[in-house]
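Participant: Build the 3D model from these lines:
(3 chains)
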Amino acid sequence: MSKKCHKVIHWFRKGLRLHDNPALVEACKDALELYPVFVLDPWFVTNANVGANRWRFLAQTLEDLDKNLKQLNLRDERVQVAMDNLGVNVVSCVSHTLYDVHRVVKSNGGKAPLTYQSFQTAASRLGAPEQAIASPTLQDLQGCKTPVHATHDNEYGVPTLKDLNVCMDDLGPDLYPGGETEALDRMERHLKKVNWICNFEKPKTEPNSLLPSTTVLSPYLKFGCLSARLFYHKLIHVYQGKKHSQPPVSLVGQVLWREFYYTVAAVTPNFDKMKGNPVCKQIPWQENSDHLSAWKEGRTGYPFIDAIMIQLRQEGWIHHLARHAVACFLTRGDLWISWEEGQKEFEKLLLDADWSLNAGNWMWLSASAFFHQYFRVYSPVAFGKKTDPNGDFIRKYVPVLKKFPAKYIFEPWKAPSSMQQAAGCIVGKDYPKPIVDHDIVRQKNIQRMAAAYAASKSSNPETNKNSTKEAPSKKRKLDDTEKGSLKKKKKS
DNA sequence: AACAATGTTGGAGCA
DNA sequence: TTGCTCCAACATTGT
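Facilitator: Next up, the predicted model:
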């Protein structure tokens, strides 16, 4: 069948794995000589927004990939070869997402789906996602050599963190090692918990547990150490014949959220910016470098927010709802700073930082797109108490506060000074006072959001398809009372 | 055609 | 303790 007559380059870009890698299998079929390469652009090394933990994850992933490729004897022949760029045939395959996202857009009438439901409907018209394919085997590679120079490892081997100029002091504990091997192990460990898989509902998981309450497969999906299609079908297999949760809250639903953001991002210009982004509400955010650095460095004076930001910096992963809390705080909730600033910091520090998801979720949380109920504001005090009334999460990540009693640990500035003294932490000296008064700025910012929404309506009414006539505020009040009475009707 | 219902994930105050 | 209201939105689908 296979005609092993070509010299083939397999360019590893996203799918840093052997399993479910159709382009790699395709390459193996045809290759007399195979050159698997991963390109680390020197420009990228200098300029990319990548923190130490994320560099380490990538280096570990490349090490693991290199090891797995070696097991396929993909580098056992050391032959001098002259590369010939003429007649190179490029094969690229969809395997980073469940679907070809452009087909999903087409299925949605050529428009980006702006709700999860419309995305789901459009995607389901395409049928189930394709099955993941097997890793290439030694059999597949019979008759194929991978010529390398004797100096290969020195010149083209996996770079060390030192090569990458990573600041070793910035590295936190190595909780989530990179690589396909770890990804598959981690997935299998979770798949064994059948009841947990079947009952999983994302909004019910905890943002501030001491151990992650979710799978933490996101970094592996981001780098392609794990195939989304493989995870999807493994989940469907566990569900077979059992009652199980449904999208959007289920685990399959989480993979579909990823797909949703990939789909919208693929056809939306300037998706990672406010200006020139047709789906993004234009909001007059303000700059405040003091507040921004306090947020980044975990010095806002709100222990729940600060603990999350410190966990992010140290460990490179925080729970989805913790992201909600700090994102709301930075933008529409408290600091009124552009979501683009938060996006940059997440991109640098999150192991799972994924362009489409990062931008999409920041727009969601700042009520700039997809989500519009801007009066739903997370309290930096109350939200964390629900799942961690004792404040153990805060005690772990902001240890200066650890001696405060539970009653005050979410708002230490309210503790009597004798208690602050006993705890060995004076607020304003050993731990900052709150940089804003949440109860006050919350009100003010809701008003600002209302104004921004109203402005976008009047300046750009044709984006609203059926707004041929203006909706004056009196009319709006009428709608409100109608809504209220309807709610009552529904209940009775 | 017009209108109703629906949607991952808020919180305070009050009965 | 639970459930409702207020804060006052938008895209999409169903009737």
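Participant: In stretch A:403-415, which of the residues would be classed as buried?
Facilitator: A:Phe404, A:Tyr408, A:Ile409, A:Phe410, A:Glu411, A:Pro412, A:Ala415 (16 or more other CB atoms under 10 Å). All C-beta atoms are positioned from the backbone trio N, CA, C, and that covers glycine.
Participant: ok, the residue in the stretch 51-200 of chain A that DNA strand B sits nearest to - contacts?
Facilitator: With CB to the nearest atom of the strand, the shortest gap between the stretch 51-200 of chain A and DNA strand B falls at A:Tyr116, namely 3.7 Å. By CB atoms under 8 Å, 6 or more residues apart in numbering, the contact set of A:Tyr116 is A:Pro247, A:Pro248, A:Leu256, A:Trp257, A:Phe260.
Participant: Now do the same contact list for the first one.
Facilitator: A:Pro247 sits next to A:Tyr116, A:Gln120, A:Gly253, A:Leu256 when contact means CB under 8 Å, 6+ apart.
Participant: Checking it next. Helix, strand or coil?
Facilitator: Three-state call for A:Pro247 (DSSP: H, G, I helix; E, B strand; the rest coil): coil.
Participant: For it, give its distance to A:Lys29.
Facilitator: 36 Å (CB to CB, to the nearest Å).
Participant: hmm, back to that, of the contacts of A:Tyr116, which count as buried by neighbour count?
Facilitator: A:Pro248, A:Leu256, A:Trp257, A:Phe260.
Participant: would you turn the residues you listed into CSV with pLDDT and distance to DNA strand B?
Facilitator: Formatted as CSV, those follow (pLDDT from 0 to 100; distance: CB to the nearest atom of the strand, whole Å):
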residue, pLDDT, distance to DNA strand B
A:Pro248, 97, 4
A:Leu256, 98, 9
A:Trp257, 98, 4
A:Phe260, 98, 8
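Participant: what residues does the stretch 301-450 of chain A put near DNA strand B?
Facilitator: The stretch 301-450 of chain A comes close to DNA strand B at residues A:320-321, A:324, A:364, A:371, A:375-379, A:381-383, A:386, as judged by CB under 7 Å from any atom of the strand.
Participant: Among the residues you listed, name the ones in helices.
Facilitator: A:His320, A:Leu321, A:His324, A:Trp364, A:Ala382, A:Phe383 (DSSP state H).
Participant: name the element the residue lying closest to A:Gly316 once chain neighbours are set aside belongs to?
Facilitator: Nearest residue to A:Gly316, sequence neighbours excluded (CB to CB, 6 or more residues apart in numbering): A:Asn53, at 3.7 Å. Assessed by DSSP states H and E, A:Asn53 sits inside helix A:52-71.
Participant: Likewise for A:Gln373?
Facilitator: Applying DSSP H and E, one finds A:Gln373 in no helix or strand.
Participant: which ones are touching it?
Facilitator: Contact partners of A:Gln373, counting by CB under 8 Å, 6+ apart, are A:Ala367.
Participant: Quick one, grab the pLDDT at it.
Facilitator: At A:Gln373, the predicted lDDT confidence score is 96.
Participant: just wondering, since we're on it, how far is it from A:Pro278?
Facilitator: From A:Gln373 to A:Pro278 the distance is 21 Å (CB to CB).
Participant: what do you get for A:Ala359?
Facilitator: Distance of A:Ala359 to A:Pro278, given as CB to CB: 13 Å.
Participant: A:Ser459 now?
Facilitator: Using CB to CB, we find A:Ser459 at a distance of 14 Å from A:Pro278.
Participant: A:Val326 belongs to a helix?
Facilitator: Yes. According to three-state DSSP, A:Val326 belongs to a helix.
Participant: Around it, how many other residues sit close by?
Facilitator: 29 (other CB atoms under 10 Å).
Participant: A:Ser459 and A:Pro278: who's more crowded?
Facilitator: A:Pro278 (12 against 9).
Participant: For the stretch 301-450 of chain A, which residues are neighbours of DNA strand C?
Facilitator: Contact residues, the stretch 301-450 of chain A versus DNA strand C (CB under 7 Å from any atom of the strand): A:His372, A:Gln373, A:Tyr374, A:Phe375, A:Arg376, A:Ile446, A:Gln447, A:Ala450.
Participant: Many thanks, have a good one.
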